[in-house]
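[1] Based on what follows, work out the 3D shape:
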Amino acid sequence: MSVEQERDKEAATRARENVFAGIDIDRMSERRDDRLWVEEMERHLDTRFLVLDSEGHAFAREDTECLLWMSPEMRAERFGDVASTLLGLADGRAWFALVLDHPQADLYASFAAHRRMSLREAGLILPAFEAGLFAYAKGITHWQRQTRFCSQCGAPVLVVASGHRAQCTNPDGPHMHFPRTDAAIIVIVEQGDACLLGRQRGWPAGRYSTLAGFIEPGESLEDAVRREVREESGVEVVHATYHSSQPWPLPASLMVGFTATARNRDIHLRDDELEDARWFTADDIIQGMRSGSLGVPPPLSVSYRLIEHWLALRGVSLDDLVTTSLPKR
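    This is a model prediction of the structure:
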C-alpha cells in the first residue's frame, strides 16, 4: 500500500470515529419515489420510526436515556396518515423519521410523559448508530421545515421522494428543490511545537478550541482554511491537510476538519470573532487542564478529535487528560 493510500485509509478511519459519522445505512435513494415499496416498508413489523418535535428534539423512553423508537403499530395508532421520511435500511430493518408539530395538540399531549432529548445530549450518551440516525433525521426534517415555498417563484412546495425533495406546485414551471448542507472548515494549526487555539466570548471560562468558519462561494476547502485563520487570528497558513469530517445538523452543516502549518506565530486578532487566541505547547495543555485553567471542547465535536490527534502525535492522550482533570467527588 502506497503512502497516499495509507493516508486516505487513516483519514477514512478518523471520519468514522467522529460523533454522528460513519453510520452503516443504505439510504435507498433509488426507491424513494417508489410509493408502494415505501408504504410496504412503513408497515413491516421490524420497521422503526424516530419521532422529532418541531424544534428537532427526539423523545426518550420514560425514565431512560434511550430513544423512543415507534413500531408501525404505534405509528398508525398515534400518527395515522402523517407523512414520514425514509432514512434507509440498516440492521435488517427500515428506519423512518416523523415530525410532531405543535398544531397536532392531542397528539402532542400524548408525548407529554416522554423526556425530550437534544442532539447534543444524544451525541454524548447514545450508541454511535442511534446518534447518527438522530443527526440524519434532524438534518433532513430541518430542511423540510425551512423549505415551504419555491425560491424561484414563491409558490408553495410539496415534499416528495419520501421526504428528500421539494416540488414547486406552480404549474407554469415547477422547480425541484433538494436538501442542502452548509460546509464549514475547522482546523488545528501548528507551528513548531505549538498549536493555535482560540476562544469566543461567552464560552465557559478557560475553554479554548480550534478555529472554524463557513466556506464562501467560489472558495476551495484549503482556501477557506487560509482565509478563516488569517481573518480570525492574523496567522498565515502555508499548508493544510484533510483530517476528517463530521455531519453537524445544528442546524445544517458539515464540518470538514484539517490540520495546518503556519508560517510564524504572529497573532493579530482581526475580525472580532475571537476574544483571544494563543499558541499552546503539549505541556501547556497538560498543565492547563490539570490545574483547571484550560478547558477543551467536549468529545461531541470534531474539534476535540483534532486536538486529540495533535496531542497523540506527541505521545499524550487527551482522553486520559480529561479523565484525570475531572473534579473529584
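[2] where does the stretch 101-250 of the chain have low pLDDT?
    Residues of the stretch 101-250 of the chain meeting the criterion pLDDT under 70: 102-105, 108.
[3] Next, count neighbours for Ser317.
    Other residues lying near Ser317 total 12 when counted by other C-beta atoms under 10 Å. Bear in mind the C-beta positions are built from the backbone N, C-alpha and C, glycine included.
[4] Nearest residue to it in space, please, no chain neighbours.
    Leu311 (7.2 Å; C-beta to C-beta, 6 or more residues apart in numbering).
[5] That neighbour contacts Ile285, correct?
    Yes. Contact between Leu311 and Ile285 holds when scored by C-beta atoms under 8 Å: they sit 6.7 Å apart.
[6] number of nearby residues for Glu216?
    10.
[7] measure the nearest residue to it once chain neighbours are set aside to Val237 for me?
    The shortest distance from Glu216 to any non-neighbouring residue, by C-beta to C-beta, 6+ apart, is to Ala224 (6.9 Å). Plainly put, Ala224 is 10 Å away from Val237 if you go by C-beta to C-beta, to the nearest Å.
[8] what's the average pLDDT for stretch 61-69?
    For stretch 61-69, mean pLDDT is 85.
[9] Could you check the pLDDT of the closest residue to Asp53 other than its chain neighbours?
    Spatial nearest neighbour of Asp53, chain neighbours left out: Leu100 (5.2 Å); criterion: C-beta to C-beta, 6+ apart. According to the prediction, Leu100 has pLDDT 88.
[10] who does the helix or strand harbouring Glu231 touch, helix- and strand-wise?
    In this structure, Glu231 is located in helix 221-233 according to DSSP states H and E. In terms of contacts (3 or more C-beta pairs under 8 Å, 6 or more residues apart in numbering; DSSP states H and E), helix 221-233 is packed against strand 182-191, strand 194-199, strand 211-214, strand 237-248, strand 253-262.
[11] Run the angle between that helix and strand 253-262 for me.
    80 degrees (axes from the mean of the first three to the mean of the last three C-alpha atoms, to 10 degrees).
[12] what's next to helix 221-233, contact-wise?
    183, 185, 187, 189, 196, 198, 211-216, 219, 235-237, 240, 242, 256, 258, 260, 262, 267-271, 273-274, 277 (C-beta atoms under 8 Å, 6 or more residues apart in numbering).
[13] follow-up on the earlier one: quickly note the distance from the residue nearest to Glu216 to Val189.
    13 Å.
[14] repeat for Arg116
    Using C-beta to C-beta, we find Arg116 at a distance of 38 Å from Val189.
[15] try Met74
    50 Å.
[16] Compare neighbour counts for these two and give me the winner.
    When Met74 and Val189 are compared for neighbours, Val189 comes out ahead with 28 against 14, by other C-beta under 10 Å.
[17] from what I can see that one touches Thr261, true?
    Yes. Between Val189 and Thr261 there is a contact under C-beta under 8 Å: 7.3 Å.
[18] Please enumerate the shared neighbours of these two.
    Val237.
[19] now stretch 246-259, how far from the centre of its chain.
    5 Å (C-alpha atoms, centre = their mean, to the nearest Å).
[20] Flag every buried residue along that stretch.
    246-250, 252-259 (16 or more other C-beta atoms under 10 Å).
[21] Ok, stretch 49-60 next?
    49-53, 56-60.
[22] With stretch 280-296 instead?
    Those would be 280, 282, 284-286, 288-289, 294-296, for stretch 280-296 by 16+ other C-beta under 10 Å.
[23] farthest-separated two in these?
    Ala282 and Gly295 (16.2 Å; C-beta to C-beta).
[24] show me what contacts the residue most central in space within the chain?
    Closest residue to the average C-alpha location of the chain: Trp248 at 1.8 Å, with C-alpha atoms, centre = their mean. Contacts for Trp248 (C-beta under 8 Å, 6+ apart) come out as 20, 184, 254-255.
[25] Arg199 too?
    Per C-beta under 8 Å, 6+ apart, neighbours of Arg199: 207-209, 274-277.
[26] if you set the cut-off to 6 Å instead, what comes out?
    Applying C-beta atoms under 6 Å, 6 or more residues apart in numbering, we find Arg199 in contact with 207-208, 275-276.
[27] Of these, which belong to strands?
    Asp276 (DSSP state E).
[28] Give me the buried subset of the contacts of Arg199.
    Tyr208.
[29] on that earlier part again, state the distance from the residue nearest to the centre of the chain to Ala76.
    For Trp248, the distance to Ala76 - C-beta to C-beta - is 34 Å.
[30] Also Arg314?
    Taking C-beta to C-beta, one finds Arg314 at 56 Å from Ala76.
[31] And Glu236, by the same measure?
    In terms of C-beta to C-beta, Glu236 sits 60 Å off from Ala76.
[32] And for Leu221?
    45 Å.
[33] Ala212 now?
    In terms of C-beta to C-beta, Ala212 sits 43 Å off from Ala76.
[34] more crowded one of those two?
    Taking other C-beta under 10 Å, Ala212 and Ala76 do not tie; Ala212 has more neighbours (25 against 13).
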